[in-house]
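Trainee: Whatever this is, show me its structure:
(2 chains)
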Amino acid sequence: MIITYGVSRNIEASTIDYLREELEDSSFENVMVTKAFSKITDGTLPAVCIRLGDTFYRRGETGSDLIVRKPLLLIDIFAKSDGQRIDLKDFIVSKLKSGWKYYRMKVENGEVTEKIEDGRIYIERMTDVIDRELFVENRDEVDPIDKYRHLISISVTTGKMES
Amino acid sequence: MIKIRIVSPTTDDLLKPLKKLEEDIQKSITNIGQQGHSYMINFINNAKLRPGGGTLSNSIDFEELADGCGIGTITKLPEYWYVINYGKKYSPRGVPFIPGGGKTVRGKFSPGEAQPNPGSFRQGRFVRGFYPMQAKQAVPAMNYIENTMGFINTLIERLFK
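Mentor: Model prediction:
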């Protein structure tokens, strides 16, 4: 069965594909990039989890039904060390700041069968925060997965007006 | 002859519209804060997976401050607020709020099927009881703070447009 991704899934999948390729071409080794939080917590480090949060909309034009969507992208970084956490964070921010390609995708049995470039995804606002272990005094007690984490949240848009 | 008298405005006259503008902005910011407060509570209540509960969403308060407003006083929140927001992996060595500190504990689920089994997944909440259980899966990140910030930023953008 062929599934045609909607705009939200296209944005999410385009971002995952883009960052996966950029990290493969970088000096970072074996960084897993995925959407599923559970895959990361059961897997190996370093890893990046990318998923879509809430979406906000504004009217495209006064008096019109056209809308422009602004979804929130949440990028969780799970690093092996504090230094790697900061480097990964800076690398990802540097790769996202100028925007990246937006693709329309079709998927069959979990495999992408069609991927058509259809504009760009732009950043409207970006914040990154350290995910500190607030209630654990000794960091050695924290599970390795949660030891060095960073969260980047980005408000993005394709700038397209949707009817 | 027409007499013209030029009256120069005082500093107070000049500041009056600015003070009015400041008051209006403060009112709007408070209103946005209140909407953000409701949004965060609704977000948590809609995202929770099991019935009942509500400790976290009920403890999120709203406070008007001299230079803005605040949502959720950290000292009034249950200590697991950050685990729900960021998502964490259960660990026998850490995460102090988890029943048994991540070790095997005796409990059951209520309401619904008391004995833990995949068929009755997410029917009830954990309470002390008979069945030995150990939490193994990670708590998924809800990111209610980041989503509320996204909502608030959208409203602030509209205010200054």
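
Trainee: From the contact counts, what lies against the longest helix seen in chain A?
Mentor: Looking across chain A with DSSP state H, the single longest helix is helix A:7-24. Secondary-structure packing of helix A:7-24 (3 or more CB pairs under 8 Å, 6 or more residues apart in numbering or on different chains; DSSP states H and E): strand A:32-34, strand A:47-59, strand A:67-79, helix A:82-96, strand A:100-108, strand A:111-131. (Glycine included, C-beta is placed from N, CA and C.)

Trainee: Including mean pLDDT, could the ones you listed go into a markdown table?
Mentor: Converted to a markdown table, the helices and strands packed on helix A:7-24 look like this (pLDDT from 0 to 100):
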| stretch | mean pLDDT |
| --- | --- |
| strand A:32-34 | 94 |
| strand A:47-59 | 93 |
| strand A:67-79 | 94 |
| helix A:82-96 | 95 |
| strand A:100-108 | 96 |
| strand A:111-131 | 93 |
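
Trainee: nearest spatial neighbour of the residue nearest the centre of chain B, skipping sequence neighbours?
Mentor: The centroid of chain B falls nearest to B:M40 when counting by CA atoms, centre = their mean (4.3 Å). Spatial nearest neighbour of B:M40, excluding adjacent residues (CB to CB, 6 or more residues apart in numbering or on different chains): B:T148 at 4.3 Å.

Trainee: what's the answer for A:R58, then?
Mentor: The shortest distance from A:R58 to any non-neighbouring residue, by CB to CB, 6+ apart, is to A:V68 (5.4 Å).

Trainee: tally of neighbours for that neighbour?
Mentor: Neighbour count of A:V68, defined by other CB atoms under 10 Å in any protein chain shown: 16.

Trainee: Look up how far chain B lies from it.
Mentor: Separation of A:V68 from chain B (CB to the nearest CB, to the nearest Å) stands at 11 Å.

Trainee: Could I get the contacting residues of B:G33?
Mentor: B:62, B:64, B:68-71, B:152 (CB atoms under 8 Å, 6 or more residues apart in numbering or on different chains).

Trainee: next one: A:I77
Mentor: A:46-48, A:85, A:88-89, A:92, A:149-152.

Trainee: A:T62 should be in a strand, yeah?
Mentor: No - counting by DSSP: H, G, I helix; E, B strand; the rest coil, A:T62 is not found in a strand; it is coil.

Trainee: winner for burial among the helices and strands packed on helix A:7-24?
Mentor: strand A:67-79 (a mean of 21; mean count of other CB atoms under 10 Å in any protein chain shown).

Trainee: so how many other residues sit close to the spatially closest residue to A:F91 that is not a sequence neighbour?
Mentor: Counting by CB to CB, 6+ apart, A:S26 is the residue found nearest to A:F91 once chain neighbours are left out, at 6.4 Å. Counted with other CB under 10 Å, residues neighbouring A:S26 total 14.

Trainee: returning to what we had before: gap between the residue nearest to the centre of chain B and A:T44?
Mentor: Per CB to CB, to the nearest Å, B:M40 is found 34 Å from A:T44.

Trainee: Tell me how far the residue nearest to A:F91 lies from chain B.
Mentor: Relative to chain B, and taking CB to the nearest CB, A:S26 is found at 25 Å.

Trainee: close enough to count as contact, that residue and A:D90?
Mentor: No - using CB atoms under 8 Å as the test, A:S26 is too far from A:D90 to be in contact (11.4 Å).

Trainee: related to what we said a few turns ago, okay, and the residue nearest to B:M40 sits in which element?
Mentor: Under the criterion of DSSP states H and E, B:T148 resides in helix B:144-159.

Trainee: by contact count, what packs against that helix?
Mentor: Judged by 3+ CB pairs under 8 Å, 6+ apart, helix B:144-159 is in contact with strand A:47-59, strand A:67-79, strand A:111-131, strand A:148-157, helix B:11-47, helix B:81-86.

Trainee: Do the third one and chain B come into contact?
Mentor: Yes - remark: strand A:111-131 sits within contact range of chain B at A:125, A:127, A:131, by CB under 8 Å from any CB of the partner chain.

Trainee: I am finished for the moment; much appreciated.
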